[in-house]
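# Mind looking at a prediction? Sequence and model below.
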Number of protein chains: 2
Amino acid sequence: MAANSRLTIATHVLAWLALAQRQGQEVLTSEQVAASVNTNAVVIRRSLGDLRRAGLVEVRHGAGAGWSLARDPEGITLLEVYDAVDAQPPFGLHRSEPNAECPVGRGIRPALGGVYGRVERAMRQELAHTSIADVLRETLVN
Amino acid sequence: MAANSRLTIATHVLAWLALAQRQGQEVLTSEQVAASVNTNAVVIRRSLGDLRRAGLVEVRHGAGAGWSLARDPEGITLLEVYDAVDAQPPFGLHRSEPNAECPVGRGIRPALGGVYGRVERAMRQELAHTSIADVLRETLVN
DNA sequence: TTGGATGTAACAGAGACTGTTACAGGGATT
DNA sequence: AATCCCTGTAACAGTCTCTGTTACATCCAA
């Protein structure tokens, strides 16, 4: 599979909403966001749907419809975005159950589960250190 | 995609080799390893090939052929295994170039690259803390 | 020389994600 | 109330990666 770009798309969307908000633009349509990300509007709506369910963005229907941030971009961390888009964990266990008659086959899964849990915790901690506002700042210097 | 199980398979293989070695079994064939992991021998040979190229295991040809650890299991970290199997990074950037006419589209990639780099560094640091011998110990208590 | 195991190519199948089209639903604005 | 634009979501094709499998050439101790 191609690497998972869900977190990238969602972060891009939020940064763009944050910038628009700062520039006085109240809402953006999925078409407008899609133009920046350079993809189809439905892809953006799927991502925005995830973010809406997580309470990170709000939608307005009817005429003058569109999307806006539901919270201060300084307070939205990439960890929340990661959880919102439900990306797959970095490592998977065996696809099919190992041989239970082998001592390694019996115990390897919980052992690896422990390690993978620690890795994921480190990853989440790092994601929690960066906010959408941070990303936007970094983005605008370049 | 189903989660990436390469690291899991490779670690399982190495732990099994470590246990066999400790029990006085000099070498294991790919068939024997495959029986523990419960998969096809070719899958195991592919993994062992990665590990051989990384210098973690040795192969013996001819009669009495098979695989053995090339180094002390206490000294082989999961980070080395991770690099050996060349698993994909947890996050990918945009599949198609974002719109360069948008300020966010222009700068988002390097900005995200920085974040993702920090995440991967944290992940690697955690993997470096665990050895094959650690995994085997954890495996055998269960 | 022999025989068992490795090394690798080739291919089918599964699964996930992206991109796309199509269409029902919602609600300001008029 | 009618209109109209945009959302929300289903459905589907195409792509890509990984796994599992078969097949076969290669290697080397005995």
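Arrived safely.
# Show me which residues of chain A are close to DNA strand D?
Residues of chain A lying close to DNA strand D (Cβ under 7 Å from any atom of the strand) are A:1-2, A:29-31, A:41-42, A:45-46, A:48-49, A:52, A:59, A:61-63, A:65-67, A:95-96. In short, each C-beta sits where N, CA and C put it, glycine included.
# relative to helix B:103-128, how tilted is the strand or helix carrying A:R124?
Secondary-structure element containing A:R124, defined by DSSP states H and E: helix A:103-128. Angle, helix A:103-128 to helix B:103-128, by axes from the mean of the first three to the mean of the last three Cα atoms, to 10 degrees: 140 degrees.
# Could I get the average pLDDT for helix A:103-128?
In this model, helix A:103-128 carries a mean pLDDT of 95.
# After it, which helix or strand is next? Please name it.
Later in the chain than helix A:103-128, the nearest helix or strand by DSSP H and E is helix A:132-141.
# what sits up against that next one?
Contacts with helix A:132-141, where a contact means Cβ atoms under 8 Å, 6 or more residues apart in numbering or on different chains, come from A:11, A:14-15, A:18-19, A:72-74, A:76-78, A:81, B:103-104, B:106-108, B:110-112, B:114-115.
# what angle sits between the helix or strand containing A:L7 and helix A:103-128?
Under the criterion of DSSP H and E, A:L7 resides in helix A:6-22. For helix A:6-22 against helix A:103-128, the angle by the same axes, to 10 degrees is 10 degrees.
# Walk me through the regions of chain A where pLDDT falls short of the threshold, as ranges.
Low-confidence segments of chain A (pLDDT under 70): A:1-3, A:142.
# How about the residues of it by DNA strand C?
For chain A, the residues in contact with DNA strand C (Cβ under 7 Å from any atom of the strand) are A:1-2, A:4-6, A:9, A:39-40, A:42-43, A:60-65, A:87-88.
# Just these: which are in helices?
Residues of these located in helices (DSSP state H): A:6, A:9, A:42-43.
# Looking at those residues, state which has the most neighbours.
When these are compared by neighbour count (other Cβ atoms under 10 Å in any protein chain shown), A:I9 ends up highest, at 25 neighbours.
# wait, doesn't that one sit right on A:V37?
Yes: contact criterion Cβ atoms under 8 Å: A:I9 and A:V37 qualify, at 6.3 Å.
# what sits in contact with each of those two?
Common neighbours of A:I9 and A:V37 (Cβ under 8 Å, 6+ apart) are A:43-44, B:94.
# May I have the phi/psi pair for the residue lying closest to A:S36 once chain neighbours are set aside?
Closest residue to A:S36 apart from its sequence neighbours, by Cβ to Cβ, 6 or more residues apart in numbering or on different chains: B:C102 at 4.0 Å. Backbone torsions of B:C102, given as degrees, to the nearest 10, read phi -100, psi 140.
# For chain A, which residue gets nearest to DNA strand C?
Per Cβ to the nearest atom of the strand, A:G62 is where chain A lies closest to DNA strand C, at 2.9 Å.
# Report the separation between that residue and chain B.
26 Å (Cβ to the nearest Cβ, to the nearest Å).
# So A:G24, which state does it fall into?
Classification of A:G24 by DSSP: H, G, I helix; E, B strand; the rest coil places it in coil.
# what residues does stretch A:8-17 touch?
A:28, A:33, A:36-37, A:39, A:43-44, A:47-48, A:50-51, A:56-57, A:67-69, A:73, A:76, A:78, A:81, A:84-85, A:132, A:135-136, A:139, B:91-94, B:98, B:102, B:104-105, B:108, B:112.
# can you rerun that using 7 Å?
Residues from elsewhere that reach stretch A:8-17 (Cβ atoms under 7 Å, 6 or more residues apart in numbering or on different chains): A:28, A:33, A:36-37, A:44, A:47-48, A:50-51, A:56-57, A:67-69, A:76, A:78, A:81, A:84-85, A:132, A:135-136, A:139, B:91-94, B:98, B:104, B:108, B:112.
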